[in-house]
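Q: Structure, please.
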Amino acid sequence: MKKRNVILCLSIFFAIMVCIILYFSISKPTSPSVASRNYSKGNVLKNKVAAVYYSTTIDTQPGKGYIVFIDKKGHTTPLKTRGLELGRIDYDGHSVFYQDETHSYLVSREVKKIARHDSQYTGDYAGHFGGNNPTHYFLFNSGFKADGSYQSEVYWSKRSNTKKDNLPYFVETRGQEKNALYTIASKKENEYTLYQSQLSDTARTIEIMSWTSTQKESSPLGNILFKNDHAYYLEEGDRQSGGEFIKLVNLNLKNKKTSDSLVTSYISDNKHDEAMPFDPQKCTFLNKNDFYFIDGNGQVYKTNILTGHTIKAFQIEKSARNGDFVLTEWNKDQLYVFYQYTTGSKQSAIDSYDIKSGKKIKSIKVKGTDEIIRKNRGLFTYDFVILK
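A: Numbering: from 1, shown residues only. From the prediction side, this is the model:
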């Protein structure tokens, strides 16, 4: 923000100082100051078990946000950012990678902050490939160009060498298989195309297959998941008899044919809206031949990808599904749920469930995230990752 006059600068300076003083007076000693950034080597990710992405929306300028790291006792360590609506976090087993409006961040033993050449305001997806020395990438739904066409932009970096390329379409959904990024875009209503992008010197993007949805007014839901030359994603749309449906779409990457099976349906639009997933990207998971989906009621469905048969597997506890902010993450055979209450005395926490039995395994009470929300109006939660 440009400085207008000395008085304004002094006002901002004193406001910042007051915020810092208030932060130190309220925060636990186990939570380092957002303002300090004085992290010695080896202590940033030590004992951390999760990270949450907080940000303002695109209409808040300048944007602001936090990446909040949570340790095994529930204590929080926030790192301040410029924020990014729909921001995402990636964890490669050693480092945490994320973006804000103007910078890339790589956090391991220390925080590495790398400036980008241009600003972005709407995130979409973060990932990595490449083993012990991974390439990290981030996908932005960038917006309309001057000629009226839409473009998304993908950035990828290795050893601080960052590259960028354009994808000339709006990304409906996305996923990764091996070392390739896959995206689905819609050419016309209910007509979809699957693209594959190899990230090397450029984003070498090719068309894999195209198809037409069997339902009107449908749209993809959840990320693309892969198994044995098949790609799977969810599709939501209107039922001809009224209400809404959610189907599992199966793309055969060899013969380029599609099939689908019903996961669940809702008798009215209102019921459907209530059941919209907490996180539209991380609402699905593929474990062997079982495709899992969690809706906004906390109900977990399990579909066998070979038979198309669906059952209600289990439902997360009421305390979790009723949080003001709820995010989900899957890791191996467990479902993790981060939920936060911003008012009252209810406790924010991370719960874990065994996806086979549906039983809750563990709950970590999270301390400090409610204070971040109260002190920074306009923040929302956009992503949640488990660091293990």
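Q: where do the helices sit along the stretch 1-150 of the chain?
A: Per DSSP state H, counting those that start in this stretch, the stretch 1-150 of the chain carries helices over the ranges 6-26.
Q: for the stretch 201-350 of the chain, same thing?
A: Using DSSP H, counting those that start in this stretch, helices in the stretch 201-350 of the chain cover 269-274, 318-321.
Q: Can you name every helix or strand that the longest one contacts?
A: It stands for helix 269-274. strand 244-252 (3 or more Cβ pairs under 8 Å, 6 or more residues apart in numbering; DSSP states H and E). For the C-beta atoms, the positions are set from N, CA and C on the backbone; glycine is no exception.
Q: okay, and for the stretch 1-150 of the chain, where does confidence drop off?
A: Residue ranges of the stretch 1-150 of the chain with pLDDT under 70: 1-42.
Q: ok, back up a step: out of the helices of the stretch 201-350 of the chain, nearest to residue 52?
A: Residue 52 lies closest, by Cβ to Cβ, to one member of the helices of the stretch 201-350 of the chain: helix 318-321, at 14.7 Å.
Q: Any buried residues in that closest one, and which?
A: For helix 318-321, a neighbour-count test (16 or more other Cβ atoms under 10 Å) marks 320-321 as buried.
Q: who are the neighbours in contact with the nearest residue to residue 223 once chain neighbours are set aside?
A: Excluding its sequence neighbours, the residue lying closest to residue 223 (Cβ to Cβ, 6 or more residues apart in numbering) is residue 175, at 4.7 Å. Applying Cβ atoms under 8 Å, 6 or more residues apart in numbering, we find residue 175 in contact with 181-182, 223-226, 231, 233.
Q: how does it look with 10 Å?
A: Counting by Cβ atoms under 10 Å, 6 or more residues apart in numbering, residue 175 makes contact with 125, 127, 181-184, 194, 222-226, 231-233, 281, 284.
Q: Just give me the neighbour total for the closest residue to residue 330 other than its chain neighbours.
A: Ranked by Cβ to Cβ, 6+ apart and with sequence neighbours excluded, the top spatial neighbour of residue 330 is residue 285, at 3.9 Å. When neighbours are counted by other Cβ atoms under 10 Å, residue 285 registers 24.
Q: Can you show me the strands along the stretch 1-150 of the chain?
A: Counting by DSSP state E, counting those that start in this stretch, the stretch 1-150 of the chain has strands at residues 48-55, 65-71, 76-81, 89-91, 96-99, 103-107, 111-115, 123-129, 135-144, 150-158.
Q: Distance to residue 264 and mean neighbour count for these - can I get that in JSON lines?
A: Output for these, formatted as JSON lines (distance: least, Cβ to Cβ, whole Å; neighbours: other Cβ atoms under 10 Å):
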{"stretch": "strand 48-55", "distance to residue 264": "28", "mean neighbour count": "24"}
{"stretch": "strand 65-71", "distance to residue 264": "32", "mean neighbour count": "24"}
{"stretch": "strand 76-81", "distance to residue 264": "35", "mean neighbour count": "22"}
{"stretch": "strand 89-91", "distance to residue 264": "29", "mean neighbour count": "21"}
{"stretch": "strand 96-99", "distance to residue 264": "33", "mean neighbour count": "25"}
{"stretch": "strand 103-107", "distance to residue 264": "38", "mean neighbour count": "19"}
{"stretch": "strand 111-115", "distance to residue 264": "42", "mean neighbour count": "13"}
{"stretch": "strand 123-129", "distance to residue 264": "25", "mean neighbour count": "22"}
{"stretch": "strand 135-144", "distance to residue 264": "27", "mean neighbour count": "20"}
{"stretch": "strand 150-158", "distance to residue 264": "30", "mean neighbour count": "19"}
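Q: closest one to residue 317 among the ones you listed?
A: Closest among the strands of the stretch 1-150 of the chain, using Cβ to Cβ: strand 48-55, at 18.1 Å.
Q: which neighbours does the closest one have in its sheet, and in what orientation?
A: strand 65-71 (antiparallel), strand 380-386 (antiparallel) (DSSP bridges).
Q: okay, the ones you listed in JSON lines with distance to residue 260 next?
A: Output for those, formatted as JSON lines (distance: least, Cβ to Cβ, whole Å):
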{"stretch": "strand 65-71", "distance to residue 260": "37"}
{"stretch": "strand 380-386", "distance to residue 260": "28"}
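Q: Any idea which of those gets closest to residue 152?
A: Here strand 380-386 is closest among the strands paired with strand 48-55 (Cβ to Cβ), at 17.2 Å.
Q: Check the average confidence over the closest one, would you?
A: If you average the pLDDT over strand 380-386, you get 98.
Q: Check stretch 202-221 too.
A: pLDDT averaged over stretch 202-221 gives 91.
Q: So for it, what gets flagged as buried?
A: 203, 205, 209, 211, 213, 215, 218-221.
Q: For those, which two are the farthest from each other?
A: 203 and 215 (31.0 Å).
Q: Dig out what the residue nearest to residue 223 forms beta bridges with.
A: residue 182.
Q: check contacts around residue 347.
A: By Cβ under 10 Å, 6+ apart, the neighbours of residue 347 are 74, 319, 323, 339-341, 363, 365-367, 370.
Q: List buried residues within the residues you listed.
A: 74, 323, 339-341, 363, 366-367, 370.
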